[in-house]
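*Asks:* have a look at this fold, sequence not included:
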Ligand code: SAM
């Protein structure tokens, strides 16, 4: 274990749980496999536990940190990298990631994310999928399970479907609470999200797909017939080879796309 951070008190409102365990840090770095050519971006560098390793592997890094008190600490710590270490004092939820894409190289995004914003942030990043090569995130274990779940699994829902629409999702490994300071209440896990260069299944309108998925999971215990009645009739579901009495959690991504495309077509007629 490394030393406890000094000179900065962890702030709950910024979701600050700093990684302390060197063996976990090394395992994450092994999964990322950062190289000098990579366009690396770290979200929420904190006190620099991962930043240190990312910089030593790649030699350069863009980091986005919201807590302005951490920015001078990071600048001092990584001063020796000069302008190869660029820190953006900004909110990762509002940040324009396209400004970091140089020579049309896609970004490799890394972060031990603040848990309070992690799902919204992932939705935000999925909207920029074409600029991203891959993402490695530390998240609450339950969120990683939701991202990776398939039809019929307990955690399958809107997050699983939209993440898997855009990305190959790999649940890599669990990280116990003791790896952090302060110690969180729950287990964490590392996930890899790799956006497809060409989507394997593409909806005619992704906005329509999002609406269908959101509506279908409004009440996950209810049937598709009930949840989707404002959008599509039970008869139309049957023509799409979808059982209206099924629950949303049993439907594949392709089936959701069929529903979405049917609605998109019906709007055009
Ligand atoms: N990467 C460090 C580590 O592993 O020890 C810190 C991880 S800590 C869980 C989350 C970090 O994200 C904190 O440094 C926090 O200040 C920062 N943060 C919180 N909300 C943010 C936001 N909206 N945009 C950018 N950074 C944010």
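*Replies:* Done, it's in. Keep in mind it's a predicted model, so treat the numbers as computed, not measured.
*Asks:* counting neighbours, what do you get for residue 35?
*Replies:* 11 (other C-beta atoms under 10 Å). Quick note: C-beta positions are derived from backbone N, CA and C, even for glycine.
*Asks:* what do you get for residue 222?
*Replies:* Using other C-beta under 10 Å, residue 222 is surrounded by 14 other residues.
*Asks:* next one: residue 72
*Replies:* 11.
*Asks:* before we move on, what about residue 109?
*Replies:* Other residues within reach of residue 109 by the criterion other C-beta under 10 Å amount to 25.
*Asks:* output the contacting helices and strands for the host helix or strand of it.
*Replies:* Using DSSP states H and E, the element containing residue 109 is strand 107-112. The helices and strands touching strand 107-112, judged by 3 or more C-beta pairs under 8 Å, 6 or more residues apart in numbering; DSSP states H and E, are strand 39-43, helix 49-58, strand 132-140.
*Asks:* can you tell me which of the ones you listed is most buried?
*Replies:* Compared across the helices and strands packed on strand 107-112, strand 39-43 shows the largest average neighbour count, a mean of 24 (mean count of other C-beta atoms under 10 Å).
*Asks:* pLDDT on that strand, on average?
*Replies:* Averaged across strand 39-43, pLDDT comes to 97.
*Asks:* which other helices and strands contact it?
*Replies:* helix 49-58, strand 61-65, strand 107-112.
*Asks:* let's see 10 Å
*Replies:* helix 49-58, strand 61-65, strand 85-89, strand 107-112, helix 118-126, strand 132-140 (3 or more C-beta pairs under 10 Å, 6 or more residues apart in numbering; DSSP states H and E).
*Asks:* that strand relative to helix 118-126, how many degrees between them?
*Replies:* Relative orientation of strand 39-43 and helix 118-126, computed by axes from the mean of the first three to the mean of the last three C-alpha atoms, to 10 degrees: 150 degrees.
*Asks:* mind listing what's buried in the longest helix belonging to the chain?
*Replies:* Criterion DSSP state H: the longest helix present in the chain is helix 253-268. Neighbour counts over helix 253-268 (16 or more other C-beta atoms under 10 Å) mark 253, 255, 256, 257, 258, 259, 260, 261, 262, 263, 264 as buried.
*Asks:* let's have the helices and strands packed on strand 39-43 in TSV, adding mean pLDDT and distance to the ligand.
*Replies:* Converted to TSV, the helices and strands packed on strand 39-43 look like this (pLDDT from 0 to 100; distance: least, C-beta to the nearest ligand atom, whole Å):
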stretch	mean pLDDT	distance to the ligand
helix 49-58	97	4
strand 61-65	98	5
strand 85-89	98	9
strand 107-112	98	3
helix 118-126	96	7
strand 132-140	98	7
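*Asks:* mind putting these into a markdown table with distance to residue 73?
*Replies:* Listed next are the helices and strands packed on strand 39-43 as a markdown table, based on distance: least, C-beta to C-beta, whole Å:
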| stretch | distance to residue 73 |
| --- | --- |
| helix 49-58 | 11 |
| strand 61-65 | 10 |
| strand 85-89 | 10 |
| strand 107-112 | 16 |
| helix 118-126 | 23 |
| strand 132-140 | 20 |
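*Asks:* so what are the domain limits for the protein?
*Replies:* Listed domain ranges for the chain are 12-195, 206-268 (source: automatic domain parsing).
*Asks:* what residues does the stretch 101-250 of the chain have near the ligand?
*Replies:* 112, 114, 117 (C-beta under 6 Å from any ligand atom).
*Asks:* which residue ranges of the stretch 101-250 of the chain form helices?
*Replies:* All helices of the stretch 101-250 of the chain, identified by DSSP state H, counting those that start in this stretch, fall at 118-126, 141-148, 158-166, 206-216, 224-227, 234-239.
*Asks:* what number of residues lie near the nearest residue to residue 101 once chain neighbours are set aside?
*Replies:* Excluding its sequence neighbours, the residue lying closest to residue 101 (C-beta to C-beta, 6 or more residues apart in numbering) is residue 131, at 5.2 Å. Look at residue 131: counted by other C-beta under 10 Å, it has 18 neighbours.
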